[in-house]
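Engineer: Quick one: sequence and predicted model below, then my questions.
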Number of protein chains: 2
Amino acid sequence: MSAEASEPGTVRPGGRTARTRAAVREATLAELARHGYQGLTVENVAARSGVHKTTVYRRWGNAEGLIADALDLAAEEPWPVPDTGSAESDLRELARLVHGGFTDPELGPASSAFVAAAVHDRAAAAALHAFFARRQRDAAVIVTRAVERGELPSGTDAAEVVRTAVAPLYYRLFISGEPVDRDVADRAGSAAFAAARAGVFSRRDDA
Amino acid sequence: MSAEASEPGTVRPGGRTARTRAAVREATLAELARHGYQGLTVENVAARSGVHKTTVYRRWGNAEGLIADALDLAAEEPWPVPDTGSAESDLRELARLVHGGFTDPELGPASSAFVAAAVHDRAAAAALHAFFARRQRDAAVIVTRAVERGELPSGTDAAEVVRTAVAPLYYRLFISGEPVDRDVADRAGSAAFAAARAGVFSRRDDA
């Protein structure tokens, strides 16, 4: 995706505008919310977005291409990295954001579809992995601030703390098939904090 | 699946033997190791197992049915719940078993295929969830022993400790697409132990 194409309102001769891309993405999310991953088709997205079917086929290829592009756009969006003044609260809030993303009636089906698509399609997987890399980088500031405040040991591996705070939610949702609620999110955030505080995620340069 | 049918060597008139079931399962795992989930077909499993194609279709239906039955059999198998004398070591060893299950050249592709199938198929998902419920129950003894030894607070939620010890591995493998190695496994096990020791997984009956 060129930087030019992702500027809102940019028009390239013979190319699509960012507005087209946004319309297709909106339609993709709406179709996922209604029909799920297995019901996502280029035809339905074209019809809903008002973009011609041949354009959607040419640019996005198939359902997985639509999902990958929706993820690319999602990765660029700002999101509210928690900043409550306490690392444990921040990590609990972070886990609650994940919980919210999967239980929200609008967002939930799309979020689940992203993971389902990634299991089967290389392009969707690459987009999903880039999305998580970006989110983990964004959230690292939670740990940076905690180290500055003296709540966590210096040298704490921020990405590992973030992974630990969210992993139990994904495990329940996609592996063990167990329910997720705010208590589960809070425990996951607190567990990541307790482990970090105990030094489990401290980088040992002399190891 | 009747108990009778799962006894090795049992023959029911007009029915299949446990030997047939085992042969089909072996062939399923071998086909998954060679071709992955998307390449698994009833035809190939029938050819490899020596069981007639119409029998495989009638009994297992499709690729997801083959996967669900292989998982049912796997759930019944004994496995070495770690018992090292220390809860932290046990939990690290548990996470290493997960790591081994996905990186082993024979087992790895089948393990990944189980998760992929569960994302798309209800029967495979039910089998996967039952498999994990069983594994979590089996592993709970790690926490029971740790409480008896005074390593962990009484009232610690064993299943939650076990989930926390393994979740980061599944998160990396199926969500963020990041590498997994023994260090990752050891950190996950130690993190679960540290959080449990700090009381994060203590059931609060008065809450």
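Structural biologist: In hand now; what should we look at?
Engineer: When you work out contacts or count neighbours from here on, use the C-alpha atoms and nothing else.
Structural biologist: Fine.
Engineer: Report how many residues lie close to A:A46.
Structural biologist: Neighbour count of A:A46, defined by other CA atoms under 10 Å in any protein chain shown: 20.
Engineer: My guess is it contacts A:V56. True?
Structural biologist: Yes. Between A:A46 and A:V56 there is a contact under CA atoms under 8 Å: 6.4 Å.
Engineer: Now for these two: what residues contact both?
Structural biologist: A:V24 (CA atoms under 8 Å, 6 or more residues apart in numbering or on different chains).
Engineer: In terms of helix, strand or coil, where does A:W79 fall?
Structural biologist: Under DSSP: H, G, I helix; E, B strand; the rest coil, A:W79 falls in the coil class.
Engineer: where do the helices sit along chain A?
Structural biologist: Along chain A, the segments classed as helices by DSSP state H run A:18-35, A:42-49, A:53-60, A:63-76, A:87-103, A:107-120, A:122-148, A:158-171, A:182-197.
Engineer: Make JSON lines from those helices and add distance to B:G101 to it.
Structural biologist: Listed next are those as JSON lines, based on distance: least, CA to CA, whole Å:
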{"stretch": "helix A:18-35", "distance to B:G101": "33"}
{"stretch": "helix A:42-49", "distance to B:G101": "37"}
{"stretch": "helix A:53-60", "distance to B:G101": "36"}
{"stretch": "helix A:63-76", "distance to B:G101": "28"}
{"stretch": "helix A:87-103", "distance to B:G101": "27"}
{"stretch": "helix A:107-120", "distance to B:G101": "18"}
{"stretch": "helix A:122-148", "distance to B:G101": "21"}
{"stretch": "helix A:158-171", "distance to B:G101": "16"}
{"stretch": "helix A:182-197", "distance to B:G101": "24"}
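Engineer: Any chance of those in CSV with distance to B:V42 and mean pLDDT as columns?
Structural biologist: CSV is the format used below for those (distance: least, CA to CA, whole Å; pLDDT from 0 to 100):
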stretch, distance to B:V42, mean pLDDT
helix A:18-35, 28, 91
helix A:42-49, 30, 97
helix A:53-60, 32, 95
helix A:63-76, 26, 91
helix A:87-103, 34, 96
helix A:107-120, 19, 88
helix A:122-148, 25, 95
helix A:158-171, 30, 98
helix A:182-197, 40, 98
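Engineer: Ok, which of those comes nearest B:R19?
Structural biologist: The closest of those to B:R19 is helix A:107-120. By CA to CA, the value is 32.3 Å.
Engineer: Other residues contacting that closest one?
Structural biologist: With contacts defined as CA under 8 Å, 6+ apart, helix A:107-120 is touched by A:29, A:32-34, A:36-37, A:64, A:67-68, A:71, A:100-102, A:124-126, A:128, B:116, B:119-120, B:174-175.
Engineer: okay, now the domains of chain A?
Structural biologist: Domain assignment of chain A by automatic domain parsing yields the ranges A:4-75, A:82-197.
Engineer: Most tightly packed of those?
Structural biologist: Most buried of these by mean neighbour count (mean count of other CA atoms under 10 Å in any protein chain shown) is domain A:82-197; its value is a mean of 20.
Engineer: Figure out how far that domain is from the centre of its chain.
Structural biologist: From the chain centre to the centre of domain A:82-197 is a distance of 9 Å (CA atoms, centre = their mean, to the nearest Å).
Engineer: For the residue nearest to A:D121 when sequence neighbours are not counted, give me its contacts.
Structural biologist: Using CA to CA, 6 or more residues apart in numbering or on different chains and skipping residues adjacent in sequence, the residue nearest A:D121 is A:E64, 6.7 Å away. By CA under 8 Å, 6+ apart, A:E64 lies in contact with A:A117, A:D121, A:A123, A:A124.
Engineer: which two in the residues you listed are spaced the farthest apart?
Structural biologist: Maximum distance among the contacts of A:E64 (CA to CA): 9.0 Å, for A:A117 and A:A123.
Engineer: Flag every residue of chain A that's near chain B.
Structural biologist: By CA under 8 Å from any CA of the partner chain, the part of chain A that sits against chain B consists of A:115-116, A:119-120, A:125, A:128-129, A:132-133, A:163-164, A:167-168, A:170-171, A:174-178, A:187-188, A:190-192, A:194-196, A:198, A:200-201.
Engineer: what's the closest non-adjacent residue to A:E31?
Structural biologist: Sequence neighbours aside, A:L40 is the residue nearest to A:E31 in space, at 6.2 Å (criterion: CA to CA, 6+ apart).
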